[in-house]
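Novice: Predicted model, plus sequence, below.
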Amino acid sequence: MIAYCLDRLGNDPAFLIGGDVPQLGGNARAGSGWLVVEGDESDRTIAALRPEIAVVTNVDLDHHTEFASRIEVETLFEDWLESVPRAVRGDGLEPVEIELAIAGAHNRRNASVALAVVELAGFPRQDAARVLSEFRGAGRRLELRGEAAGVVVTDSYAHHPAELAADIAAVQDGGRVLVLFQPHLYSRTRHLARELGRALAAADVVAVTDVYRAREEPVPGVTGKLVVDAVADERPGLEVGWTPTVEEGAGFIARRARAGDRVLTLGAGDVDRAAALILGALA
């Protein structure tokens, strides 16, 4: 959002962002204006950045092989912010009231952060709000993938409980929400299975695949079934399927989807393949 606003306001920003932004032509660019960098606390490299303006949208425990507790994560950010001239904290701002092209209360909070940062960078807030209303989001961030048989399919990179809850809430419009979720990392699944299940229980039908291992070796006894059991415990009677492969999960969801439903495919692994499979099965 920040890079987009700066671009549309004529600043020609350089940026390094974790996801593709179609309206900016990708996830990175060299420019002559402000440099916008999306940092990462997973390996503490955020502490090496020395920005003029720092942004912290929220703080939570997500990387259990690096941090022993949420307090440790909070300490990392607090220590980092001490060396920054100006900082914007998302948890201290109210969601914007302007009309946005993207859904979700979390995006309204993100928009508040973006407007505050762009104003600190020297641009009128009202001009930033005008262009921000036209922002259509980043790839795999509640990205609309298509519609078939009256079923809308949306894909998201969400893989932390807070992200799952935010995305499910964002697409709820009175109809059913069907979710296919792929857990990411054995460490995260082991520590957050209960919280993941609680977030997913807000949906109407849930399918869970096995863990996407990424950089980790398998851990005995840690599978996506832990999340399935957590969903069932949180909301007895909810239709939830243990579908170890993405293909099985896509089939499970497609067989249950009907006109008027919203389907969400969620996860940071190769679950992004599922949207096309679901749409193909529904066509």
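Specialist: Arrived safely, thanks for sending. Residues are numbered from 1 along each chain as shown.
Novice: how many other residues sit next to L144?
Specialist: Using other Cβ atoms under 10 Å, L144 has 13 other residues around it. No exception for glycine: its C-beta is placed from N, CA and C like everyone else's.
Novice: helix, strand or coil for it?
Specialist: strand (DSSP: H, G, I helix; E, B strand; the rest coil).
Novice: V171 is in contact with that one, correct?
Specialist: No. Checked against Cβ atoms under 8 Å, the pair L144 and V171 is beyond contact range at 10.0 Å.
Novice: Next, show the common contact partners of those two.
Specialist: Here L144 and V171 share the contacting residues T154, scored by Cβ atoms under 8 Å, 6 or more residues apart in numbering.
Novice: Give me the phi and psi for the residue found closest to G260 once you drop the neighbours it is linked to in the chain.
Specialist: Spatial nearest neighbour of G260, chain neighbours left out: G175 (4.8 Å); criterion: Cβ to Cβ, 6 or more residues apart in numbering. For G175, the backbone dihedrals are phi -90, psi -170 (criterion: degrees, to the nearest 10).
Novice: Repeat that for the one 5 residues further on.
Specialist: L180 has phi and psi values of phi -110, psi 120 when expressed as degrees, to the nearest 10.
Novice: L16 now?
Specialist: phi -130, psi 110.
Novice: Return the distance of it relative to V153.
Specialist: 29 Å (Cβ to Cβ, to the nearest Å).
Novice: what's the answer for G251, then?
Specialist: 14 Å.
Novice: Comparing the two, which shows the higher neighbour count?
Specialist: V153 (27 against 19).
Novice: Test my guess that the more buried one contacts V171.
Specialist: No. Assessed by Cβ under 8 Å, V153 is found out of contact with V171, at 10.5 Å.
Novice: ok, the residue nearest to G260 - contacts?
Specialist: Contacts of G175 (Cβ under 8 Å, 6+ apart): 260-262.
Novice: quick one: the helices in the stretch 151-283 of the chain?
Specialist: Applying DSSP state H, counting those that start in this stretch to the stretch 151-283 of the chain gives helices spanning 161-171, 186-200, 225-234, 246-256, 274-282.
Novice: can I get these in a markdown table with mean pLDDT and distance to L49?
Specialist: Formatted as a markdown table, these follow (pLDDT from 0 to 100; distance: least, Cβ to Cβ, whole Å):
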| stretch | mean pLDDT | distance to L49 |
| --- | --- | --- |
| helix 161-171 | 98 | 22 |
| helix 186-200 | 98 | 24 |
| helix 225-234 | 98 | 33 |
| helix 246-256 | 98 | 35 |
| helix 274-282 | 98 | 34 |
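Novice: and those as TSV, adding distance to V117?
Specialist: Shown next, in TSV, are the helices of the stretch 151-283 of the chain (distance: least, Cβ to Cβ, whole Å):
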stretch	distance to V117
helix 161-171	20
helix 186-200	28
helix 225-234	35
helix 246-256	37
helix 274-282	32
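Novice: Nearest to R44 among these would be which one?
Specialist: helix 186-200 (15.9 Å; Cβ to Cβ).
Novice: buried sites along the closest one?
Specialist: 186-193, 195-200 (16 or more other Cβ atoms under 10 Å).
Novice: Of the helices of the stretch 151-283 of the chain, which is nearest A30?
Specialist: Of all those, helix 161-171 comes closest under Cβ to Cβ, at 30.0 Å.
Novice: So what touches the closest one?
Specialist: 58, 60, 103-107, 142, 154, 156-158, 177, 179, 181, 192, 195-196, 198-200, 202-203, 262, 264, 266.
Novice: Double-check A275 against V153; I have them as touching.
Specialist: Yes. Shown here, A275 and V153 form a contact pair, counting by Cβ under 8 Å, at 5.0 Å.
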